[in-house]
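**Student:** What follows is a predicted protein model with its sequence.
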Amino acid sequence: MSTEQCTESELSAELTLLADSPAPPSRVDPGAALVVGRRRLRRRRAATTGATVALVAVVTVTAISLPHGTGAVATPATSATTPARPTAPAVAANDPLVGVAHFGWLPPYVAPEAGYDSGFDHGIDSLALGPLKAAGDDNPHIWLNLYPAGVTPTVDKAADGRTQYAVSAPDVHGSPAYWVTADRSDPTNNGDMTLRWKTGTGQWAEIHGYYLPMQGVQATMARIAEGVGVGNRAIPLPYYVTGLPAGAKFEGISLSRPSMDVNGGPWGLGVGYALDGYQFGWRMSVNKGTPPAHDPGEFCRTIKGVDLCVNGQPGATMPAAMVAAGGLQGLLTRITPLGTDESTWTTSVVR
Amino acid sequence: MAERRRDIEFTEFVSTKSPWLRKVAYLLSGDWHRADDLTQSTITKLYTHWHRAGGVENVDGYARTTLVNTFLAEQRSPWRRVLLRRVEDDRAGLPEPDLDAILDLRQALTELPARQRATVVLRYYCDLTVGQTAEALNCSEGTVKSQTARGLDALRRALQSHRQNVLAGGLEA
């Protein structure tokens, strides 16, 4: 830009050049935003309800009548009350991540190992992700969710307010199945697909896929559903921890593969605990060759090629039990990353 | 299921838009590290208000306004002094193309008062109209016009001063 003249178009062009100038790798982490955001929502809800634990709410739902066969359409029927989806089941003795349903066959365009998301006001979801591409690319997502026993999923309105319908699908292992779609003539719902079916245990399962290659996608979804297994399974994790402060309550864990961090990496982990209302946790990912960037008040170290950063609730008073245990820096020394070789990961996590 | 839908929609939006938000944050803060922090704060706020963001027609605009408000709020906090010290560290480790002119502009931008800087960035990088900028900054259109004029004047002066200093340095050498 000329120093004598500064036209608006010149300024726009120069600002664009400045914004596009070489930049260090981004530390923006959507996964961390999810974790922190969920905590804030949880606190907000707790403040509203006066409770500090997830509540079993009674909600109005719309039951469906499910036709068996092909081509028929289920329509919204009656209103009923049913318990909302509960939070994650009790933590296993040593492993805070217990999957309740698991992918079997997966299409080749997603990572062979699925990630998991448990707690943080959720149940447990399993997530298969496509290979990490440049930020902004739309990689395939396939979510798997198992409904608790006795809970029949309902066909609710879509996030944008559109009415959705159940459209029958071919049976899965001989049990009824249906698509959830806002377009009765398009079971794939314009590429935002949800397939539900009743598993052999009587529990309903659901896969939600999007950004998938559309050629033969209904058959692909059906094959994924056929491969799903049901049953508790402790998921190996890339760390173990000793001497957690007494009374620390597990809040949630998220293991994404590949990492949902825009910087990439084969996996990313976030763990949350709370003690006397004080929330703390840690995140882990594969080291990228430089010391991990960290926020103020966050403490990090790199061990066996894995970055580990612990963090607490900014501005909150740390409980005495945690202070006595050395605070966040003390916690940092009691978490042992196991490295990038997943064969060394463990289900004996809390020791 | 609403939770998961929110997560899906949010993740899709952020994975697509965070590079753009980061650039806007960089123009506001003059520092890539600070831009990361600003963007992270912004997307976290977006998540907690996603029900609101999902209901507006222009989610990009909602995110941009959240970013600018976050930036302006932090300018008022004691953090600012600490964070500004990081500006000079920001070139370390970056490629060294001929960016003198661009870096002059960056320096000149950081010398603008925060609201003038936000006005200039919204008007000339984000291509917002006076009315849209006023809405984003929650001020009158007249204020936007005056802030814009002052910002442009200040940029001209700052750039001229930087160039003269460079020339003087070269002559002395």
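**Tutor:** Received it, and whenever you're ready, just let me know what you need.
**Student:** okay, now the domains of chain B?
**Tutor:** As given by automatic domain parsing, the domain ranges for chain B are B:1-96, B:97-173.
**Student:** and the ones you listed, which one is worst for confidence?
**Tutor:** Among the domains of chain B, domain B:1-96 carries the lowest mean pLDDT, at a mean of 72.
**Student:** Apart from its chain neighbours, what residue comes closest to residue A:268?
**Tutor:** residue A:259 (3.3 Å; Cβ to Cβ, 6 or more residues apart in numbering or on different chains). Backbone N, C-alpha and C define where each C-beta goes, glycine included.
**Student:** Does that neighbour touch residue A:270 like I think?
**Tutor:** No: counting by Cβ atoms under 8 Å, residue A:259 does not reach residue A:270; the two are 10.3 Å apart.
**Student:** Need the overlap of contacts for the two.
**Tutor:** residue A:31 (Cβ atoms under 8 Å, 6 or more residues apart in numbering or on different chains).
**Student:** May I have the predicted confidence score for the residue nearest to residue A:268?
**Tutor:** Value for residue A:259, per-residue pLDDT: 76.
**Student:** And residue A:179, by the same measure?
**Tutor:** Residue-level pLDDT assigned to residue A:179 equals 97.
**Student:** Residue A:241: neighbour count?
**Tutor:** 18 (other Cβ atoms under 10 Å in any protein chain shown).
**Student:** before we move on, what about residue B:110?
**Tutor:** Residue B:110 has 17 nearby residues by other Cβ under 10 Å.
**Student:** Excluding chain neighbours, what is closest to it?
**Tutor:** Computed as Cβ to Cβ, 6+ apart, the closest residue to residue B:110 that is not its neighbour in sequence is residue B:30, at 3.8 Å.
**Student:** just residue A:339 next, same as before
**Tutor:** Closest to residue A:339 by Cβ to Cβ, 6+ apart is residue A:304, at 3.6 Å.
**Student:** Please report phi then psi for the one you found.
**Tutor:** phi 50, psi 40 (degrees, to the nearest 10).
**Student:** so it touches residue A:337, yeah?
**Tutor:** Yes: Residue A:304 is in contact with residue A:337 according to Cβ under 8 Å; the separation is 5.6 Å.
**Student:** If you count surrounding residues, which of those two has more?
**Tutor:** Higher neighbour count among residue A:304 and residue A:337: residue A:337, with 21 against 14, using other Cβ under 10 Å.
**Student:** And that one, how far from residue A:240?
**Tutor:** 9 Å (Cβ to Cβ, to the nearest Å).
**Student:** circling back: does the residue nearest to residue B:110 touch residue B:111 like I think?
**Tutor:** No: Residue B:30 is beyond contact range of residue B:111, at 9.2 Å (criterion: Cβ under 8 Å).
**Student:** Of those two, which one has the most company?
**Tutor:** The residue with more neighbours, out of residue B:30 and residue B:111, is residue B:30; 24 against 16, by other Cβ under 10 Å.
**Student:** burial of the closest residue to chain B within chain A, as a residue count?
**Tutor:** Nearest residue of chain A to chain B, counting by Cβ to the nearest Cβ: residue A:37, 3.2 Å away. The number of residues packed near residue A:37 is 23, by other Cβ under 10 Å.
**Student:** Residue A:322 falls within a helix, correct?
**Tutor:** Yes: remark: residue A:322 belongs to a helix, assigned using DSSP: H, G, I helix; E, B strand; the rest coil.
**Student:** Which residue lies closest in space to it, excluding its sequence neighbours?
**Tutor:** residue A:245 is the one closest to residue A:322 (Cβ to Cβ, 6+ apart), at 4.7 Å.
**Student:** got a pLDDT number for the one you found?
**Tutor:** pLDDT, residue A:245: 90.
**Student:** Spell out the secondary structure type for it.
**Tutor:** coil.
**Student:** Please work out how many residues are found near it.
**Tutor:** 23.
**Student:** Could you pull up the residues touching residue B:143?
**Tutor:** Residue B:143 is in contact with B:134, B:137, counting by Cβ under 8 Å, 6+ apart.
**Student:** Would you report the backbone torsion angles of it?
**Tutor:** phi -60, psi -40.
**Student:** how about the helices in chain A?
**Tutor:** A:8-19, A:30-49, A:217-227, A:320-324, A:327-334 (DSSP state H).
**Student:** Please identify which of those is closest to residue B:37.
**Tutor:** For residue B:37, the closest of the helices of chain A is helix A:30-49, at 11.7 Å, according to Cβ to Cβ.
**Student:** Now do the closest one, average pLDDT.
**Tutor:** Here the average pLDDT along helix A:30-49 is 62.
**Student:** Check stretch A:309-324 too.
**Tutor:** Mean pLDDT, computed over stretch A:309-324, is 85.
**Student:** What part of chain A, helix or strand, is modelled with the least confidence?
**Tutor:** The helix or strand of chain A with the poorest confidence is strand A:58-64; it has a mean of 21 (mean pLDDT, DSSP states H and E).
**Student:** phi, psi of residue B:109?
**Tutor:** Residue torsions, per degrees, to the nearest 10, at residue B:109 are phi -60, psi -40.
**Student:** I figured it hits residue B:31, correct?
**Tutor:** No: assessed by Cβ under 8 Å, residue B:109 is found out of contact with residue B:31, at 11.0 Å.
**Student:** quick revisit: would you mind measuring from the residue nearest to residue A:339 to residue A:14?
**Tutor:** Distance of residue A:304 to residue A:14, given as Cβ to Cβ: 46 Å.
**Student:** got it, and residue A:113?
**Tutor:** When distance is defined by Cβ to Cβ, residue A:113 is 46 Å away from residue A:14.
**Student:** contacting residues around residue A:241?
**Tutor:** A:334-336, A:349-351.
**Student:** So which of those sit within strands?
**Tutor:** Using DSSP state E, the subset of these located in strands is A:335-336.
**Student:** For residue B:117, give me its contacts.
**Tutor:** Counting by Cβ under 8 Å, 6+ apart, residue B:117 touches B:27-28, B:109-110, B:151.
**Student:** and with 6 Å instead?
**Tutor:** If you count contacts by Cβ atoms under 6 Å, 6 or more residues apart in numbering or on different chains, residue B:117 has them with residue B:109.
**Student:** which SS class is it?
**Tutor:** helix.
**Student:** CA atoms of stretch A:226-244 as CSV?
**Tutor:** C-alpha atoms of stretch A:226-244 as CSV (Å, rounded to 0.1, in the frame of the first residue of the first chain):
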residue,chain,number,x,y,z
GLU,A,226,-24.6,-55.8,9.8
GLY,A,227,-21.1,-55.7,11.2
VAL,A,228,-21.9,-53.8,14.4
GLY,A,229,-21.4,-55.8,17.6
VAL,A,230,-23.0,-55.1,21.0
GLY,A,231,-21.4,-55.6,24.4
ASN,A,232,-19.2,-53.8,26.8
ARG,A,233,-15.6,-53.7,25.9
ALA,A,234,-12.9,-51.7,27.7
ILE,A,235,-11.0,-49.6,25.3
PRO,A,236,-7.2,-49.5,25.6
LEU,A,237,-6.0,-46.0,26.3
PRO,A,238,-2.5,-44.3,25.7
TYR,A,239,-1.8,-43.6,29.4
TYR,A,240,-2.2,-44.7,32.9
VAL,A,241,-2.6,-42.5,36.0
THR,A,242,-1.8,-43.0,39.6
GLY,A,243,-2.8,-41.1,42.7
LEU,A,244,-5.8,-39.2,41.4
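**Student:** how far out from the middle of the chain is it?
**Tutor:** Computed by Cα atoms, centre = their mean, to the nearest Å, the chain-centroid distance of stretch A:226-244 equals 14 Å.
**Student:** quick one: buried residues of that stretch?
**Tutor:** Neighbour-count burial for stretch A:226-244, counted by 16 or more other Cβ atoms under 10 Å in any protein chain shown, picks out A:228, A:230, A:233-241, A:244.
**Student:** Alright, I will stop here.
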